[in-house]
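Visitor: Predicted model, plus sequence, below.
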Amino acid sequence: MSPDREALADMLTRLHLTAIRDQLDSLLDEAAKRELSLRDAVSLLMTREVGRRDERRVEMATKIAHFPTLRDLDGFDFSAQPSLDKKQVRELAACRWVANGDAL
């Protein structure tokens, strides 16, 4: 690792931008390949950092909750509850109704 790269990695660590630090080379390569402007490249870096933080936040909240087992709709047996409309349940789970301001 070059001294400049090490210094940059150290600064990213000190700023707690670990997702950017861990993916910096691939993200910069992607930005160059897509010929992004500086603003768009920074946006790409920050989007990845925010995305990783959101993932970690959900992981930590799930861990703190001490759920006995993790469940999701992919494993739900809709045949055991035939009165549920699978399409409607998945639509509600997507939460588009929130963005649209619709009432349930």
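Guide: Noted; the coordinates are in hand.

Visitor: contacting residues around stretch 61-77?
Guide: By CB atoms under 8 Å, 6 or more residues apart in numbering, the list of residues contacting stretch 61-77 from outside reads 89-90, 93. (C-beta placed from N, C-alpha, C; glycine too.)

Visitor: now the chain, which segments are flagged as low pLDDT?
Guide: 1 (pLDDT under 70).

Visitor: Kindly recompute the last result at 50.
Guide: Along the chain, the model assigns pLDDT under 50 to no residue.

Visitor: By residue count, tell me the biggest helix in it.
Guide: Counting residues, the longest helix found in the chain (DSSP state H) is helix 38-65.

Visitor: returning to that earlier point: closest one to residue 26 out of the contacts of stretch 61-77, please.
Guide: Closest approach between these and residue 26, by CB to CB: residue 93, at 31.8 Å.

Visitor: quick one: contacts for that closest one?
Guide: Neighbouring residues of residue 93 by CB under 8 Å, 6+ apart: residue 73.

Visitor: Pull the contacting residues for the residue nearest the centre of the chain.
Guide: For the chain, residue 51 is the residue whose C-alpha lies nearest the centre (CA atoms, centre = their mean; 3.5 Å). Neighbouring residues of residue 51 by CB under 8 Å, 6+ apart: residue 19.

Visitor: what about it, distance to residue 64?
Guide: Here residue 51 is placed at a distance of 21 Å from residue 64 (CB to CB, to the nearest Å).

Visitor: Repeat that for residue 55.
Guide: 15 Å.

Visitor: And residue 50, by the same measure?
Guide: Counting by CB to CB - residue 50 and residue 64 are separated by 21 Å.

Visitor: same check, this time on residue 103
Guide: Counting by CB to CB, the gap from residue 103 to residue 64 is 31 Å.

Visitor: now swap in residue 14 and tell me
Guide: Applying CB to CB to residue 14 and residue 64 gives a distance of 27 Å.
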